[in-house]
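>>> Following is a predicted model, sequence given first.
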Amino acid sequence: MAYNTIYFQNQQTGQTRRAPVGYAWTLLFFGPFVFLARKEWMLFAMALVLTVLTLHISNIVLSFKANRMYIQMLINQGYRVARVKRGSVERMSKKLGIPLPSLSSFLFAETKVAFR
């Protein structure tokens, strides 16, 4: 079960997404359909191919990495961290091993540039 949740927001579109942090039990039980529910078509296609080729064994391996891959994909799509359910953004960044861009630092950087 995921031990924490990160809430993301895309500054351009205003969309928000919720990303669990931790082991993906849902992927273990429901396979690639988890990515289908999250509307992440690329991850769905990748997980579906792996599931079929490895007869569901890949779901065990992907369960450890699925939430981290989802978070990385959100960041690549321009989402920024709006808030963390428990703890701080810095702590989650260290746990995941990836830099998490914060929405507040993004807004501050835009304001700083605008005043120059």
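Cool, got the structure. What you see is a predicted model, and the numbers here were worked out from it, not measured in a lab.
>>> Touching the longest strand along the chain from outside, list them.
Taking DSSP state E as the criterion, the chain has its longest strand at strand 2-10. Taking contacts as C-beta atoms under 8 Å, 6 or more residues apart in numbering, the residues outside strand 2-10 that touch it are 15-25, 67, 71, 74, 77-87, 92, 100, 103. For every residue, glycine as well, the C-beta is placed using N, CA and C.
>>> Narrow these to those that are buried.
By neighbour count, with 16 or more other C-beta atoms under 10 Å, the contacts of strand 2-10 hold 17, 19-21, 23-24, 67, 71, 74, 79-82, 84, 92, 100, 103 as buried.
>>> which residue is nearest the centroid of the chain?
Taking C-alpha atoms, centre = their mean as the criterion, residue 71 is the residue nearest the geometric centre of the chain, at 1.8 Å.
>>> where's that residue, which helix or strand?
For residue 71, the element it lies in under DSSP states H and E is helix 57-76.
>>> Pull that helix out as PDB, backbone CA atoms only.
C-alpha atoms of helix 57-76 as PDB (Å, rounded to 0.1, in the frame of the first residue of the first chain):
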ATOM      1  CA  ILE A  57       5.400 -12.000 -13.800                       C
ATOM      2  CA  SER A  58       6.400  -8.400 -14.800                       C
ATOM      3  CA  ASN A  59       3.600  -7.100 -12.600                       C
ATOM      4  CA  ILE A  60       5.500  -8.100  -9.600                       C
ATOM      5  CA  VAL A  61       8.600  -6.200 -10.700                       C
ATOM      6  CA  LEU A  62       6.600  -3.200 -12.000                       C
ATOM      7  CA  SER A  63       4.700  -3.000  -8.600                       C
ATOM      8  CA  PHE A  64       7.900  -1.700  -7.100                       C
ATOM      9  CA  LYS A  65       8.500   1.000  -9.700                       C
ATOM     10  CA  ALA A  66       5.000   1.900 -11.100                       C
ATOM     11  CA  ASN A  67       4.300   4.800  -8.800                       C
ATOM     12  CA  ARG A  68       7.700   6.300  -9.300                       C
ATOM     13  CA  MET A  69       7.400   6.000 -13.100                       C
ATOM     14  CA  TYR A  70       4.000   7.700 -12.800                       C
ATOM     15  CA  ILE A  71       5.400  10.600 -10.800                       C
ATOM     16  CA  GLN A  72       8.300  11.000 -13.200                       C
ATOM     17  CA  MET A  73       5.800  11.100 -16.100                       C
ATOM     18  CA  LEU A  74       3.700  13.800 -14.400                       C
ATOM     19  CA  ILE A  75       6.800  15.900 -13.900                       C
ATOM     20  CA  ASN A  76       7.800  15.500 -17.600                       C
END
